Every structure is written in C-alpha cells, then in structure tokens.
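Q: with the input below, show me the fold.
(one chain, ligands or ions: 1)
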Amino acid sequence: MSLPEFRVGLGHDRHRLVAGRPLVLGGVSIDYEFGLDGHSDADVLLHALTDAILGAAGLGDIGEWFPNTDPQWAGVDSKVFLKAAVKAVGERGWEVVNVDCTIHAERPKLSPHKRLIAASIAEQLGIAEDRVNVKAKTGEKVGPIGRLEAMDADAVVLLGRSTANV
Ligand code: MG
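A: Residues are numbered from 1 along each chain as shown. You can find the predicted model right below:
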C-alpha cells in the first residue's frame, strides 16, 4: 500500500525598484517606468517560488544553487532557476500540488496581470492553472514597498509524492 507524502515550502524575496530595468513578474514582462534591480532578470516572484520549491524538498535555497556572484547567471531569465528547482525535486519524486503567492508592489496596479502571471507559473510548473493562485498587495504608501523603493514576493508551495508504505 502506498500513502501520499506531502511537504510545504516557504519563499520570500525582495528586489530594489529602479529606473532603466524591465519589470518581470512570474515570467511576465509588465510595461512600467521602473523595473527590478538584480543580477538575473530580478523576477522577485519566481525567486520566492523557486525558494519555496527548494525549501519544501529540503534542498537549501536559491542563493546556494545560483550564486549572484556567478557570471553565468547575469541577466538570466529566472524561469531557468524555477525549472532547475522543479527538475531537482522531480528527481526525488516530488510534484508540485499547488502554489499560493503574493506580490507586494505599490505600483503598477497588478490586478490586470494576475491571471496572466498565474498562467505563466502554471505553464512553467506543468500544472493546471487552478493550482496556482497569485495575489497582489500594496504597501499602503509606507515602508520600502509603499515608497516605491522595492517589491517583495512571498510564495508557499505544497509538494506531494507517493511512497511505498511497508
Ligand atoms: Mg532574488
């Protein structure tokens, strides 16, 4: 008899909001006057999600896998990190059951983009769109989010696998 086994993982990330950079959230390019600064494409949501997946499987964090001091990751599409994490957990028998995440951004208004971002993440993970939920919050005009200094993202992931129960 085999029983399913589950693991939950948590991810958080922050990137500075600057002029002269593209804004990419969840693999979706968003037209805005500012973008996120970082070594890669600085997709704050995919970084939080990648950390949540690695964390659920007990595989450390994104900084260990893809150091921001390594030139090979300069300007890279963060979908590369996400796919590598999914592959690593998949090799250990884990599949993503569902994802819930929150983007913290004062502007731009993200409600028109949430569905597209969820669809993008679902496609990257190879799961149905109804297993991915994307939320957006402002910073209420206070703190680094509210002052347009940064964007944050939080992600929670559930992984599942079947195990032989002997
Ligand atoms: Mg990051």
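Q: contacts and neighbour counts: CA atoms only from here.
A: Will do.
Q: what pairs with the helix or strand where N98 lies, and is each one parallel or antiparallel?
A: Counting by DSSP states H and E, the element that carries N98 is strand 95-104. Counting by DSSP bridges, the strands paired with strand 95-104 are strand 132-137 (parallel), strand 150-164 (antiparallel).
Q: quick one: whatever helix or strand F81 lives in to strand 95-104, angle?
A: Assigning secondary structure by DSSP H and E places F81 in helix 79-90. Between the direction of helix 79-90 and that of strand 95-104, the angle (axes from the mean of the first three to the mean of the last three CA atoms, to 10 degrees) works out to 140 degrees.
Q: pull the residues that contact helix 79-90.
A: Residues lying outside helix 79-90 but in contact with it, judged by CA atoms under 8 Å, 6 or more residues apart in numbering, are 27, 46-47, 49-50, 53-54, 57, 62, 66, 95, 124-125.
Q: if we go to 10 Å?
A: Contacts of helix 79-90 from elsewhere in the structure, counted by CA atoms under 10 Å, 6 or more residues apart in numbering, are 26-27, 40-41, 43, 46-59, 61-62, 65-66, 73, 78, 91, 93-96, 120-121, 124-126, 159, 161.
Q: are any of the residues you listed buried, and which?
A: Listed as buried from those are 26-27, 40-41, 43, 46-57, 59, 61-62, 73, 78, 94-96, 120-121, 124-125, 159, 161; burial here means 16 or more other CA atoms under 10 Å.
Q: what's the burial count for T102?
A: T102 is flanked by 18 other residues according to other CA atoms under 10 Å.
Q: which residues touch R14?
A: Contacts of R14 were listed using CA under 10 Å, 6+ apart, and they are 36-38, 42-45, 47-48, 103-104, 144-145, 150-154.
Q: coming back round to it: so what does whatever helix or strand comes next after the strand holding N98 touch, helix or strand wise?
A: Counting by DSSP H and E, the element after strand 95-104 in chain order, helix or strand, is helix 114-125. Based on contacts counted as 3 or more CA pairs under 10 Å, 6 or more residues apart in numbering; DSSP states H and E, the elements that helix 114-125 packs against are strand 23-25, strand 28-30, helix 44-56, helix 79-90, strand 95-104, strand 132-137.
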